[in-house]
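Q: Sequence isn't available, so here's the structure alone:
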């Protein structure tokens, strides 16, 4: 099965972030988040992507120490490919470092898994 988490483009305003949440439960076999993204806008055409459980995402977005599944650093293009364990997760794109420039994130990121019976 496949769950689309990012398909196409999303705006990320200056100083803000975009998120989507998803759940991995025990009935899912081999859950994996994978895909690619590209940022455009501003001088650097850059964004920071993260995948973390919901509590750790809250710490991360507020600048506190956090344990994350994936963090891209400030990049124009990135690839995600991580195996996940059961839990509630957030995929986020942060533009908090930019005070002026809005960004657009384009790409395709999905959660893939098999269903246990």
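A: Done, it's in. Keep in mind it's a predicted model, so treat the numbers as computed, not measured. Numbers count the residues shown, from 1 in each chain.
Q: So for residue 25, what's the nearest residue that isn't a sequence neighbour?
A: Once flanking residues are discounted, residue 25 sits nearest to residue 86: 5.7 Å by Cβ to Cβ, 6 or more residues apart in numbering. C-beta here means a position set from N, CA and C on the backbone, and glycine is covered the same way.
Q: So what does the one you found have for phi and psi?
A: phi -50, psi 140 (degrees, to the nearest 10).
Q: Quick check: it touching residue 28?
A: Yes: the criterion here is Cβ atoms under 8 Å, and residue 86 meets it with residue 28 at 7.5 Å.
Q: Between these two, which is the more surrounded one?
A: Counted by other Cβ atoms under 10 Å, residue 86 and residue 28 do not tie: residue 28 has more neighbours, with 20 against 12.
Q: any idea how far residue 5 is from that one?
A: 14 Å (Cβ to Cβ, to the nearest Å).
Q: buried ones in stretch 40-51?
A: 41-42, 46-51 (16 or more other Cβ atoms under 10 Å).
Q: swap in stretch 7-21?
A: By neighbour count on 16+ other Cβ under 10 Å, the buried set for stretch 7-21 is 10, 12, 17-18.
Q: Check stretch 79-91 too.
A: 80, 84, 87, 89-91.
Q: repeat for stretch 52-63
A: Neighbour counts over stretch 52-63 (16+ other Cβ under 10 Å) mark 52-53, 56-57, 60-61 as buried.
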